[in-house]
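Asks: Structure of the sequence below:
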Amino acid sequence: MIVIKKRIGIPRSLLYYKYFPLWKTFLEELGVEIVLSDRTNSKIIDIGGRYAIDEICIPLKLYYGHVLNLLEKNIDYLFVPRYVSTTIGTYFCPKFLGLPDMVRGTIDNLPPIIEFEVNMQKRPMYLSAYKLGKVLHKSTWQIKKAYEKAIKDYKYFRQLMVDGLSFKKALNVLNSKNRNFKPKKKIIDYVAKIAIIGHGYNVHDSFINMNLINKLNKMKVNVVTLENLPLEIFKNQTVITNTLENYWGNEEEILSAVNYLFETKDIDGIIFICSFCCGPDSLIDEIMARDAKKLKIPYIGLVLDEHSGQAGVITRVEAFVDMIVRKKNNIRIIYKKPTMPIGIINKSEKEVGAEF
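Replies: From the prediction side, this is the model:
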């Protein structure tokens, strides 16, 4: 007997870059076939922008484009998650809270939408998974088994990224079914170590960020992303001041990551990628820039939208890297042991260094 699997389309956008390994394992264990939209390209951006108002952020415009791309792939269902909160006391931004409703209200002739509502303020996530499994007419035992496998795979995926793999490479390892993979560290003479911080859909979508990570690697920059940092640093909520706490879920992770980098001082600079029109990102950008200035850690904020010119962005990044390399080289020269007689030097090395 041939069993025809239901085809569920998942847009390769927004929280795809954070939770797709979890969704993938869970849905596949429930016996469905996952269909992904194409990787982001100029056509997807263009068509998505036609369905969105001008004032909306580019990640949501991209999401519309990816949904429309899936409609060309003969899918039975469209998977549109509704993430409200994943930790007590924080919330996702409104575009995630109302995503299924916005898609329904914007695009016509949609297949049935399967929602996956995650709201830790009301219920634990396994109950949300149970509800999703029942929509697909699966038994309690099937749902439980699929959920446990999904959580296990997701933890393995996250550990792969902590061990230094990129999102794409970690996903490839997960798809290979290899559960004993040990990343090999390449011995490269890096000129600098720079953290690229931001939402996954900005950092790991190479089209929208103009292949920034690859370009930095070609400059011999050791790139660190939020997902490469230790998992335990994200357990406690960030306190901005004695009276102000952050309540945006995605921004909470960014603040935790940057605070960790500020404390360890194990990086030479930070690049923050945010989307034009993103209110929460605009707020934390100011906070991080202020703190970086106090600690004298080079920091740059890149605001991207569909009109961002590659030449301008890359020129700023190249200048930023060049500034960091020059700074590091100056420090090495300043504190290098003198090769000439001390009597020829009018100022001590410490005094010369103070001028920079």
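Asks: Which residue ranges of the stretch 1-150 of the chain form helices?
Replies: 16-29, 42-50, 58-70, 94-97, 99-106, 125-135, 140-162 (DSSP state H, counting those that start in this stretch).
Asks: those helices in the stretch 201-350 of the chain, which residues are they?
Replies: All helices of the stretch 201-350 of the chain, identified by DSSP H, counting those that start in this stretch, fall at 212-218, 249-264, 279-295, 310-334, 349-354.
Asks: so which of the helices of the stretch 1-150 of the chain is the most packed in?
Replies: Compared across the helices of the stretch 1-150 of the chain, helix 58-70 shows the largest average neighbour count, a mean of 25 (mean count of other CB atoms under 10 Å). C-beta coordinates here come from the backbone N, C-alpha and C atoms, glycine included.
Asks: picking up where we left off before, is it possible to get TSV of the helices of the stretch 1-150 of the chain that adds distance to V80 and mean pLDDT?
Replies: TSV is the format used below for those (distance: least, CB to CB, whole Å; pLDDT from 0 to 100):
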stretch	distance to V80	mean pLDDT
helix 16-29	11	95
helix 42-50	14	90
helix 58-70	8	93
helix 94-97	10	88
helix 99-106	5	92
helix 125-135	12	92
helix 140-162	18	95
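Asks: Please identify which of these is closest to E263.
Replies: Of all the helices of the stretch 1-150 of the chain, it is helix 140-162 that lies closest to E263, at 17.4 Å by CB to CB.
Asks: per the record, what domains does this structure have?
Replies: With domains defined by automatic domain parsing, the chain comprises 7-175, 192-334.
Asks: how about a markdown table for those, with distance to K184 added?
Replies: Output for the domains of the chain, formatted as a markdown table (distance: least, CB to CB, whole Å):
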| stretch | distance to K184 |
| --- | --- |
| domain 7-175 | 9 |
| domain 192-334 | 15 |
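Asks: looking at these, which one has the lowest mean pLDDT?
Replies: Sorting these by mean pLDDT places domain 192-334 lowest, at a mean of 86.
Asks: Touching the longest strand along the chain from outside, list them.
Replies: Counting residues, the longest strand found in the chain (DSSP state E) is strand 77-85. Strand 77-85 has contacts (CB atoms under 8 Å, 6 or more residues apart in numbering) with 6-11, 15, 19, 23, 27, 67, 70, 91-92, 96-100, 103, 110-121, 249.
Asks: do the same with stretch 51-66
Replies: 11-14, 37-38, 40, 43-49, 68, 95, 99, 102-103, 106-107, 199, 201-202, 205, 208, 275-278, 304-306.
Asks: center of this protein, which residue is that?
Replies: Per CA atoms, centre = their mean, the C-alpha nearest to the average position across the chain is that of G200, at 1.5 Å.
Asks: May I ask you to confirm that that one is in contact with Y19?
Replies: No - here G200 does not reach Y19: they are 9.2 Å apart, not a contact under CB atoms under 8 Å.
Asks: Contacts only, for D322.
Replies: Taking CB under 8 Å, 6+ apart, one finds nothing in contact with D322.
Asks: Would you mind measuring from Y147 to Y130?
Replies: 8 Å (CB to CB, to the nearest Å).
Asks: Equivalent analysis for R316, please.
Replies: Distance from R316 to Y130, by CB to CB: 48 Å.
Asks: so who does the closest residue to K168 other than its chain neighbours touch?
Replies: Leaving out its chain neighbours, the residue that sits closest to K168 by CB to CB, 6 or more residues apart in numbering is H204, at 7.4 Å. Neighbouring residues of H204 by CB under 8 Å, 6+ apart: 17, 166-168, 225.
Asks: what's the answer for E29, then?
Replies: By CB under 8 Å, 6+ apart, the contact list for E29 reads 142, 145-146, 149-150.
Asks: Specify which member of those residues is nearest to F320.
Replies: Of all the contacts of E29, F320 sits closest to A150, with 39.1 Å by CB to CB.
Asks: The closest one is in contact with F26, isn't it?
Replies: Yes - the pair A150 / F26 is scored as a contact, 3.8 Å apart, by CB under 8 Å.
Asks: any common contacting residues for these two?
Replies: Residues touching both A150 and F26 (CB under 8 Å, 6+ apart) are A129.
Asks: how many other residues sit next to the nearest residue to Y63 once chain neighbours are set aside?
Replies: Distances taken as CB to CB, 6+ apart place S13 nearest to Y63, at 4.5 Å, with adjacent residues excluded. By other CB atoms under 10 Å, the residues close to S13 number 24.
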